[in-house]
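**Q** Build me a structure from this.
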Amino acid sequence: MECFPEITYAIFVDGELPAEEAQRVRSHLSGCAACRATVAALTAENKMLVSTFAEAGAPELAPHAATGRPAWLELLAVAAVLALIGVVVHWINGQTSEAVNWLNPFTSEGRNNLAFNAVFYVSHGGAQVLEHLASVVGWIVLTIATVFGVFALARTQNRFRSGLSLIALTIAFCLPGHAIETRSSKGILSIPQNETINDTLFASGESIEIDGTVNGDLFTAARSVVVHGDVTGNVFAWSQSVEVDGKVGGSIFTFCQNALIRGTVGHSVYSWVEFLRLEPGSQITSDVVAGSQEADLSGKINGGLIAFAGLVNVHGDIGRNVLAYVGEMNLNSPTHIGGGLTANVHKRSDVRIADGVTIGGPTDIRLRKHQNRYAQPAFYIWRAILLVGAFIVGWIAMYVFPGFFHNASRAVGTGWKTFALGFAVLVGTPIAIVLIAISLIGLPLALITFALYCVSLYAALIFVANFLGGVIFKNTQPRSGEALLAYFVGLLILTIIFHLPFIGGVFEFLGLCLGLGALVWQLYRARRPVVAA
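**A** Numbering: from 1, shown residues only. As a prediction, the model looks like this:
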């Protein structure tokens with residue numbers, strides 16, 4: 001009998017081969033001395049890893065069976081909580097109107113809004129925020145590492161050396177950080193007119209009033225925020241209401257109910273609000289990106305306007321192009337638009353342009369109509385490109401991470417446990433991202449989590465495709481031509497059934513849940529050393 005690949009023996013030693021295939025391996029080992037030596041070496045390696053972790057005093061890395069409680073029970077408990085939160089939020093979302101779809105990441109308005117503002121965030125002060133975040137987290141880790149090092153000194157010398165190494169790395173991690181001043185109050189937090197703060201300021205309280213000068217960024221968490229003075233950097237406001245009638249040298253990022261701007265802004269305004277108002281006399285040096293239920297723009301915008309809103313009223317000047325995804329839009333005299341106007345609405349009458357309004361560029365009013373995607377050649381071209389791309393990514397994963405790829409694909413077939421875990425991750429993660437994003441310094445972490453979430457969604461369907469191909473092509477050898485063919489056939493089948501009319505979305509939902517559950521389950525298992533067969 002021909003010898004099996006080494007990856008098959010590794011999976012066999014891990015105890016994860018199907019019973020029928022494991023029996024064939026045992027039969028082959030009984031007559032092949034070379035393969036027995038390979039299995040013995042793999043078994044010894046596993047025992048060494050288990051022994052090493054045991055000596056390191058890391059009981060959490062020991063085999064899970066020692067706890068007496070199945071691992072899947074813990075994961076399902078977490079899944080149940082996340083799923084419950086997801087169902088409640090989904091019900092609340094169903095009670096909201098279409099005017100706030102710009103906040104929903106499952107709608108096109110929400111996805112576009114998130115994509116636009118993620119780019120704008122990175123290009124306008126995002127790097128500085130990440131640097132500050134690195135400083136704060138670094139000092140926290142440094143403190144923990146110091147305590148660990150002192151404790152390890154009383155134990156073993158090896159651990160003490162590890163603690164010192166961790167401290168040294170953390171100190172290096174903390175060096176780029178800059179000073180941050182934090183102020184908080186249970187009532188009104190005020191920066192008086194004669195005070196100047198020469199650092200980035202984190203301010204929290206019931207109400208925040210900035211009458212002085214902040215030579216840096218301003219982060220606020222309060223019920224109301226009023227800026228009468230000067231802020232040389234960016235303003236990040238998470239509150240019920242924001243009022244700016246002073247001068248902001250950078251950009252304004254708002255996530256609140258009402259935003260009112262009377263002063264000048266040196267760069268751009270990015271707002272996620274219910275009501276946005278630019279008063280007459282206000283001036284925005286660059287662009288305005290507004291996601292709101294209603295926006296009233298009476299000031300001067302030197303750059304362009306991107307609006308996702310239920311209703312937009314424009315009374316002032318806009319220097320460049322206007323791109324609007326709105327329910328209704330009113331351009332009132334004497335509005336002047338230096339560039340072109342592109343409005344996406346349901347009816348042409350939803351855009352009203354008064355006499356005396358001047359538009360320097362072309363006016364394009366686009367009606368959002370349902371189009372049959374199956375009648376467009378671009379639909380099939382993009383499906384083919386995505387199919388080839390997914391095949392290449394899976395091919396690379398199959399060869400670079402063969403054990404993880406194989407085990408995650410097999411986990412798809414475990415049934416309702418995998419589905420329940422995947423459903424919780426699919427529904428609960430966007431909720432967690434939103435909760436993180438509205439925290440004081442959580443936006444960078446939210447963007448990172450969102451990126452990992454997108455990667456996980458992509459990888460989930462790859463595992464489902466490989467599992468489906470394995471069902472059709474039974475007993476394929478890992479990393480063989482037949483395994484690649486099985487994977488491609490699985491991808492092709494998923495591509496077809498996911499785009500079936502009416503029911504394709506249901507199959508895609510099921511596939512995402514199964515794939516995400518398998519991925520998370522395998523990541524959980526990968527952190528534990530395996531037990532030799």
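
**Q** What about residue 302, how many residues nearby?
**A** 17 (other C-beta atoms under 10 Å). Every C-beta, even on glycine, is put in place using the N, C-alpha and C of the backbone.

**Q** For it, which non-adjacent residue is spatially closest?
**A** For residue 302, ignoring the flanking residues on the chain, the nearest one in space by C-beta to C-beta, 6 or more residues apart in numbering is residue 319 at 4.4 Å.

**Q** Now for the one you found: which residues touch it?
**A** 300, 301, 302, 303, 304, 338, 339 (C-beta atoms under 8 Å, 6 or more residues apart in numbering).

**Q** got the residues you listed as a markdown table, with pLDDT and distance to residue 22 columns?
**A** Shown next, in a markdown table, are the contacts of residue 319 (pLDDT from 0 to 100; distance: C-beta to C-beta, whole Å):
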| residue | pLDDT | distance to residue 22 |
| --- | --- | --- |
| 300 | 94 | 74 |
| 301 | 95 | 68 |
| 302 | 94 | 70 |
| 303 | 93 | 65 |
| 304 | 93 | 63 |
| 338 | 93 | 72 |
| 339 | 93 | 68 |
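
**Q** picking up where we left off before, please report the distance of the residue nearest to residue 302 from residue 358.
**A** 12 Å (C-beta to C-beta, to the nearest Å).

**Q** Residue 453 now?
**A** 44 Å.

**Q** Looking only at neighbour counts, state which of the two leads.
**A** The residue with more neighbours, out of residue 453 and residue 358, is residue 453; 18 against 12, by other C-beta under 10 Å.

**Q** Give me the neighbour count for residue 223.
**A** So residue 223, with other C-beta under 10 Å, has 13 neighbours.

**Q** Where does it sit, in terms of helix or strand?
**A** Using DSSP states H and E, residue 223 sits within strand 218-227.

**Q** How about that strand, which residues are buried there?
**A** Within strand 218-227, the residues scored as buried using 16 or more other C-beta atoms under 10 Å are 218, 219, 220, 221, 222, 224, 225, 226, 227.

**Q** same deal with stretch 341-352?
**A** Going by 16+ other C-beta under 10 Å, stretch 341-352 has these buried residues: 341, 342, 343, 344, 345, 350, 351.

**Q** ok, so of the contacts of residue 319, who is nearest residue 287?
**A** The nearest member of the contacts of residue 319 to residue 287, counting by C-beta to C-beta, is residue 303 at 3.9 Å.

**Q** can you pull the contacts of residue 295?
**A** 275, 276, 277, 307, 309, 311, 312, 313.

**Q** mind listing the helices for this protein?
**A** Ranges of helices within the chain are 6-13, 19-29, 33-55, 71-94, 108-121, 127-153, 157-174, 377-400, 402-411, 416-437, 443-472, 481-498, 504-526, based on DSSP state H.

**Q** So which other helices or strands are in contact with the first one?
**A** Helix 6-13 makes packing contacts with helix 19-29, helix 33-55, helix 402-411 when contacts are defined by 3 or more C-beta pairs under 8 Å, 6 or more residues apart in numbering; DSSP states H and E.

**Q** isn't residue 357 right up against residue 329?
**A** No - between residue 357 and residue 329 there is no contact under C-beta atoms under 8 Å: 11.5 Å.

**Q** what's around residue 519, how many residues?
**A** Residue 519 has 26 neighbours, counted by other C-beta under 10 Å.

**Q** The residue nearest the centre of the chain and residue 388, how far apart?
**A** Centroid-nearest residue in the chain: residue 450, 0.4 Å away (criterion: C-alpha atoms, centre = their mean). Look at residue 450 and residue 388: by C-beta to C-beta, they are 26 Å apart.

**Q** Pull up the gap between the residue nearest to residue 302 and residue 276, please.
**A** Residue 319 is 18 Å from residue 276, by C-beta to C-beta.

**Q** does residue 363 really touch residue 348, like I thought?
**A** No - counting by C-beta under 8 Å, residue 348 is not a contact partner of residue 363; they are 11.3 Å apart.

**Q** Residue 38 contacts residue 9, correct?
**A** Yes - Residue 38 lies in contact with residue 9 (C-beta under 8 Å); the separation is 5.6 Å.

**Q** what about these two, which has more around it?
**A** Set side by side, residue 38 and residue 9 show more neighbours around residue 9, with 22 against 18, by other C-beta under 10 Å.

**Q** who touches residue 222 in this structure?
**A** Counting by C-beta under 8 Å, 6+ apart, residue 222 has contacts 189, 203, 204, 205, 206, 207, 208, 239.

**Q** most neighbours, which of these?
**A** residue 208 (27 neighbours).

**Q** Tell me what that one is bridged to.
**A** residue 189, residue 225 (DSSP bridges).

**Q** Report the residue ranges of every domain in the protein.
**A** Annotated domains of the chain cover 6-62, 96-174, 201-367, 374-526 [automatic domain parsing].

**Q** quick one: which of those domains is nearest residue 183?
**A** Evaluated over these, closeness to residue 183 peaks at domain 201-367, with 5.3 Å, by C-beta to C-beta.

**Q** what stretches of the stretch 351-500 of the chain score poorly on pLDDT?
**A** The stretch 351-500 of the chain contains residues with pLDDT under 70 at 370-371, 435-444.

**Q** Go again with 50.
**A** For the stretch 351-500 of the chain, the stretches flagged by pLDDT under 50 are 440.

**Q** who's residue 259 bridged to?
**A** With DSSP bridges as the rule, residue 259 is bridged to residue 242, residue 276.

**Q** one step back: what angle do helix 443-472 and the strand holding residue 223 make with each other?
**A** Counting by axes from the mean of the first three to the mean of the last three C-alpha atoms, to 10 degrees, strand 218-227 lies at 120 degrees to helix 443-472.

**Q** What separation is there between residue 507 and residue 218?
**A** Counting by C-beta to C-beta, the gap from residue 507 to residue 218 is 48 Å.

**Q** cool, and residue 317?
**A** Taking C-beta to C-beta, one finds residue 317 at 27 Å from residue 218.

**Q** same check, this time on residue 512
**A** Per C-beta to C-beta, residue 512 is found 40 Å from residue 218.

**Q** Next up, the contacts around residue 267.
**A** Contact analysis of residue 267 by C-beta under 8 Å, 6+ apart lists 124, 234, 249, 250, 251, 285, 286.

**Q** Just give the closest residue to it, not the sequence neighbours.
**A** Nearest to residue 267 is residue 251, by C-beta to C-beta, 6+ apart, at 4.1 Å.

**Q** Pretty sure that neighbour sits against residue 268.
**A** Yes - look at residue 251 against residue 268 with C-beta under 8 Å: they come within range, at 4.6 Å.

**Q** Bridged to residue 196, which residues?
**A** residue 213.

**Q** Wait, it touches residue 212, no?
**A** Yes - if you go by C-beta under 8 Å, residue 196 and residue 212 touch, sitting 6.0 Å apart.

**Q** Neighbour count for those two, which is higher?
**A** Legend: neighbour count by other C-beta under 10 Å for residue 196 and residue 212, higher for residue 212 (18 against 11).

**Q** quick one: that one and residue 228, what's the gap?
**A** 9 Å.

**Q** Identify the contacts common to the two.
**A** Shared contacts of residue 212 and residue 228, counting by C-beta under 8 Å, 6+ apart, come down to residue 193.

**Q** about what we covered before: and residue 357 and residue 329? which has more neighbours close in?
**A** residue 329 (23 against 17).
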